[in-house]
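Asker: next input, structure requested:
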Amino acid sequence: MEKNDKFAQLYNLKGVVMENVGKLDDAIAWYQKALTFLKAEDATILINIARIYTKMGNKGKAMDMLEKALPSATSPEIKEQIRNLI
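Answerer: A predicted model of the protein is given here:
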């Protein structure tokens, strides 16, 4: 299957919706699905996953996601946001 940013964006939005209605496991699944449509890691999606793990009380997995997100962050603002969370 061809990697497609548009599908990644749609699945990321689905994750946001699931997070907002409190379906955290579903949100993680949709965020992870979004990552499968990208050729490289996406810092924003990884931050979304980290936020869910934090809400679930899994600080270890949240930190793993943030550490994974830092090298893929392209903007100084996102890099600073990640550094502040770590």
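
Asker: tell me the buried residues in the longest helix along the chain?
Answerer: Using DSSP state H to assign secondary structure, the helix with the most residues in the chain is helix 5-20. Neighbour-count burial for helix 5-20 flags 7-8, 11-12, 14-15, 18-19 (criterion: 16 or more other Cβ atoms under 10 Å). All C-beta atoms are positioned from the backbone trio N, CA, C, and that covers glycine.

Asker: check which residues of the least confident helix or strand in the chain by mean pLDDT are buried.
Answerer: The weakest-scoring helix or strand in the chain, judged by mean pLDDT, DSSP states H and E, is helix 76-85 (a mean of 86). Neighbour counts over helix 76-85 (16+ other Cβ under 10 Å) mark 78-79, 81-82, 85 as buried.

Asker: again, but for stretch 20-37
Answerer: So for stretch 20-37, counting by 16+ other Cβ under 10 Å, buried means 24, 26-28, 30-31, 33-35, 37.

Asker: Phe37 reaches Tyr31, doesn't it?
Answerer: No - using Cβ atoms under 8 Å, Phe37 makes no contact with Tyr31, being 11.4 Å away.

Asker: which neighbours do those two share?
Answerer: Listed contacts common to Phe37 and Tyr31 are Tyr11; contacts here mean Cβ atoms under 8 Å, 6 or more residues apart in numbering.
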